[in-house]
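1. Okay, predicted coordinates and the sequence, questions at the end:
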Amino acid sequence: MVGNKMFSLLDARLKKIKGSNQIFGGVSVIAIGDFFQLKPVFDGWIFQDLNKGISALSPNLWKELFKVHELTQIMRQKDDIEFAELLNRLRLNNLNDNDFAILDTRTVRIEDQSYNKNSTHFFVQNDLVDKFNNKFITNLTSEKVSVKAVDTVVGDFSPPIKAKLISSLPGKQSDTANLAKEVELAIGMKYDLTANIEVTDGLTNGSSCQVKLFEYKTKSQRPSIVWVKFNDEKIGTNTRKKYNHLYSQNIDKRWTPIFDIKRSFSYRYKNFERIQMPLRPAAGKTIHKSQGDTLKEVVVSLDSKCKGKIPHIHYVALSRVTTLSGLQILNLNRKNIAVSDCVKDEVERLKSEAVLSLCFKPLYSLPSENFKVVF
Ligand SMILES: Nc1ncnc2c1ncn2[C@@H]1O[C@H](COP(=O)(O)OP(=O)(O)OP(=O)(O)O)[C@@H](O)[C@H]1O
């Protein structure tokens, strides 16, 4: 979700690109989202006033310019309306005893026979995700390879200084253009892309796939191509056409080739370049990274070492799955369910003071007897 700092940066960037002083450089902006999902990371809610630097003097773009039109039809859980209604109550922290009893029926223990250990798992924190993925890969008996990043420092430094700078790079992927220092790849394991490779072809940060084959074109220990199958078969259609010549007999036509990519980043005032496979293990993922996902089966643990409650995290985690029967809960952490007060106030304000009046009557709000299809 876009926060208030990012929104203000978008405004400034568009003004620059368009060479115009009009708001957003005169470009029309449509914002889509749900405030009852997770707060932007390292940013404030889009409706809050900026309070630092020169931007604090500028108007609140969100409150001044935007009006809301609410989409009410639930698509993800359209085949399980009771579950959809329960989720709508969870979204507002209004679950009743019967709802909790229903969720209890989905609670599992790791020792249970029914536990779907191979389903995607969601956790609150990164360390739990890493632990789960490492264990998952260790337990796989398939072919594996550990791919190390190839790093270079940009600038005129002596070789020992370069080596020292490179070894000081952090393990945190978000500090290194989303490319890992080392990524453990295993056939059959689920991965997410960690970079936008080809946006128009759906090869975007977060796209989910399964690794199918390593292809070595040289004698190196490093695969030249990692063949993957995306969960959504439309993703990678153009890439598969573009690399048609790479498909030998043992390569399934639905698989997509993934190559090393090169990205630049700055760390402690020095510039670096990293070459790495843009893949991150995703048998387990954080609930923050699961936003936007749709899955048939999921196992959720809301266990958290954080002291405070994280508003809306229960709703986001439980609403990624299409049916109640596809959901398993390891730990609901019921006492931590929370809704942000400032979000409640803003949604109230939008509904009472900032409703968009449409200049036409949408087809879906016309009575069906008025609707005729003419050939
Ligand atoms: N018109 C539609 N018909 C059938 N399925 C749809 C339709 N619109 C969306 N979906 C499916 O519903 C799911 C959710 O869609 P989408 O991500 O657009 O909604 P959303 O409200 O942004 O979800 P969220 O914010 O909770 O992630 C997706 O799996 C999408 O494919």
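-> Yep, it's here. Residues are numbered from 1 along each chain as shown.
2. Please report how far the residue nearest to Gln22 when sequence neighbours are not counted lies from Phe7.
-> What sits nearest to Gln22 in space, not counting adjacent residues and going by C-beta to C-beta, 6 or more residues apart in numbering, is Lys15, at 7.4 Å. Backbone N, C-alpha and C define where each C-beta goes, glycine included. Between Lys15 and Phe7 the computed distance is 13 Å (C-beta to C-beta, to the nearest Å).
3. before we move on, back to that, what's the average pLDDT for the strand or helix carrying the residue nearest to Gln22?
-> Using DSSP states H and E, the secondary-structure element containing Lys15 is helix 4-18. Model confidence over helix 4-18, given as mean pLDDT, is 95.
4. Would you mark the buried spots in that helix?
-> When burial is assessed from 16 or more other C-beta atoms under 10 Å, helix 4-18 yields the following buried residues: Asn4, Lys5, Phe7, Ser8, Leu10, Asp11, Leu14, Lys15.
5. residues in contact with Pro311?
-> Neighbour list for Pro311: Lys39, Ala338, Val339, Ser340, Val343 [criterion: C-beta atoms under 8 Å, 6 or more residues apart in numbering].
6. Of the residues you listed, which belong to strands?
-> When the contacts of Pro311 are checked against strands using DSSP state E, none is located there.
7. Counting neighbours, which of those end up buried?
-> When the contacts of Pro311 are checked for burial by 16+ other C-beta under 10 Å, the buried set is Lys39, Val339, Ser340, Val343.
8. what's the closest non-adjacent residue to the third one?
-> So the one you mean is Ser340. Taking C-beta to C-beta, 6+ apart, and ignoring the residues beside it in sequence, Ser340 has Pro311 as its nearest neighbour in space, at 4.0 Å.
9. Next, that neighbour: phi, psi?
-> Listed backbone geometry of Pro311 is phi -60, psi 140, with angles given as degrees, to the nearest 10.
10. one step back: adding pLDDT, write the buried ones among the contacts of Pro311 out as CSV.
-> Formatted as CSV, the buried ones among the contacts of Pro311 follow (pLDDT from 0 to 100):
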residue, pLDDT
Lys39, 97
Val339, 98
Ser340, 98
Val343, 98
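11. Let me know the closest of those residues to Leu57.
-> Taking C-beta to C-beta as the measure, Lys39 is the one of those closest to Leu57, at 24.1 Å.
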